[in-house]
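1. model this:
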Amino acid sequence: MQLFDLTGRSALVLGGNGVLGSALVKGLAAHGARVAIAGRDQDKARAVRAELVQSGHDAEAFYVDLTARSSLEQLQEQVGKWAGHLDILVHCAGINSKKPFLEVTDEDWDDIFTVNVKSAFQAAQIFGKQMMEDGGGSIIHISSVSSLQPLSGVFAYSASKAALNNATQYLAREFAPIVRVNAIIPGFFPAEQNRKILTKERVDAIYSQTPMGRLGEPTELQGTVVWLASEQASGFVTGALIPVDGGFTAMKL
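-> Alright, predicted model coming up:
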């Protein structure tokens, strides 16, 4: 357990009020981190915080609009006052839109890239700079299997997650050896955006192409995020793109 002990460390999870984000928040808290939960939906963020506090963990909920740099800068100030420092940044925010390529609008493209890529770029500048000055940290991006094998009907989303992978590896080089930057590549999980696009036919197709034969459980991402957050366990891991997908990418390659 010492390898994965996050006691004394502070984490910020952007999108920590969602299905996957809240699971990551709980995993980090269970291993000793104090966790800031940031998102636009404050009711959900406060509900996650209340659950953690009731279990004896140190957590706080914050509002952030990931489409605005000024909101991220304000969040940095608020988290700094609450935590004093930041050791772990998890970018788990993302939006999707299921449309054929020829129906994708400029607005669709801009909205998806703003949340999925631009906000990660801005967060890495704002919080990564702070981590560099403070002498260390871990940045973890939540990508998608569609970044490796583009899926039909989600062109802008697939392209945005591929861009996030590239940004992850670029930042790993630029921030080394002080700050480690990695990405987790989830397969199919019952996240909110997936529920909107996964028809029964598509779920059946996913099952047939996933060796584990099922969707992932959000809690099955906890081990990977804790491992990447822990300096003792993964201090030499940076620039990695780590699938947690039930073998889906192994079937596709």
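2. Contacts made by the helix or strand residue 164 falls within with the rest, please.
-> Under the criterion of DSSP states H and E, residue 164 resides in helix 155-175. By C-beta atoms under 8 Å, 6 or more residues apart in numbering, the residues outside helix 155-175 that reach it are 94-97, 99, 101, 104, 108-109, 112-113, 116-117, 120-121, 124, 128, 131-132, 139, 141, 143-144, 146-148, 150-151, 180-183, 185, 238-241. The C-beta positions use only the backbone N, C-alpha and C, and glycine is treated the same way.
3. Of these, just the buried ones, PyMOL syntax please.
-> Restricted to buried positions by 16 or more other C-beta atoms under 10 Å, the PyMOL selection for the contacts of helix 155-175 reads:
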select buried, resi 94+95+96+97+99+104+108+112+113+116+117+120+121+124+128+131+139+141+143+144+146+147+148+151+180+181+182+183+185+238+239+240+241
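4. middle-most residue in this structure, spatially?
-> residue 92 (2.5 Å; C-alpha atoms, centre = their mean).
5. any idea what sits nearest residue 97, other than its immediate chain neighbours?
-> residue 108 (5.2 Å; C-beta to C-beta, 6 or more residues apart in numbering).
6. Filter the contacts of helix 155-175 down to the ones in strands?
-> Residues of the contacts of helix 155-175 located in strands (DSSP state E): 139, 141, 180-183, 185, 241.
7. Which members of those residues define the maximum pairwise distance?
-> The distance between the two most remote of these (C-beta to C-beta) is 16.5 Å, for 180 and 185.
8. after the lowest-mean-pLDDT helix or strand in the chain comes which helix or strand?
-> For the chain, counting by mean pLDDT, DSSP states H and E, helix 192-197 ranks last in confidence among helices and strands (a mean of 58). Moving toward the C-terminus from helix 192-197, the next helix or strand (DSSP H and E) is helix 200-208.
9. Just the mean pLDDT for that next one, thanks.
-> Here helix 200-208 scores 81 as its mean pLDDT.
10. residues in contact with that helix?
-> Residues outside helix 200-208 that contact it (C-beta under 8 Å, 6+ apart) are 188, 198, 213-215, 248.
11. One more: stretch 6-13?
-> Under the contact criterion C-beta under 8 Å, 6+ apart, stretch 6-13 has outside partners 21, 24-25, 28, 31-38, 75, 79, 83-90, 92, 127, 226, 229-230.
12. cool, stretch 29-37 as well?
-> By C-beta under 8 Å, 6+ apart, the list of residues contacting stretch 29-37 reads 4-13, 16-17, 21-22, 25, 28, 45, 48-49, 52, 55, 57-62, 79, 82-83, 87-88, 222, 226, 229-230.
13. Please list only the buried members of the residues you listed.
-> Buried by 16+ other C-beta under 10 Å: 4-6, 9-13, 16-17, 21-22, 25, 28, 45, 48-49, 52, 57-62, 79, 83, 87-88, 222, 226, 229-230, out of those.
14. Just the ones in strands from those, please.
-> Using DSSP E, 10-13, 59-62, 88 are the members of the buried ones among the contacts of stretch 29-37 that sit in strands.
15. So the residue nearest to residue 97 is in contact with residue 98, correct?
-> No. When contacts are counted by C-beta atoms under 8 Å, residue 108 is not listed as touching residue 98 (10.3 Å).
16. Mutual contacts of those two, please.
-> With C-beta under 8 Å, 6+ apart, residue 108 and residue 98 have no common neighbours.
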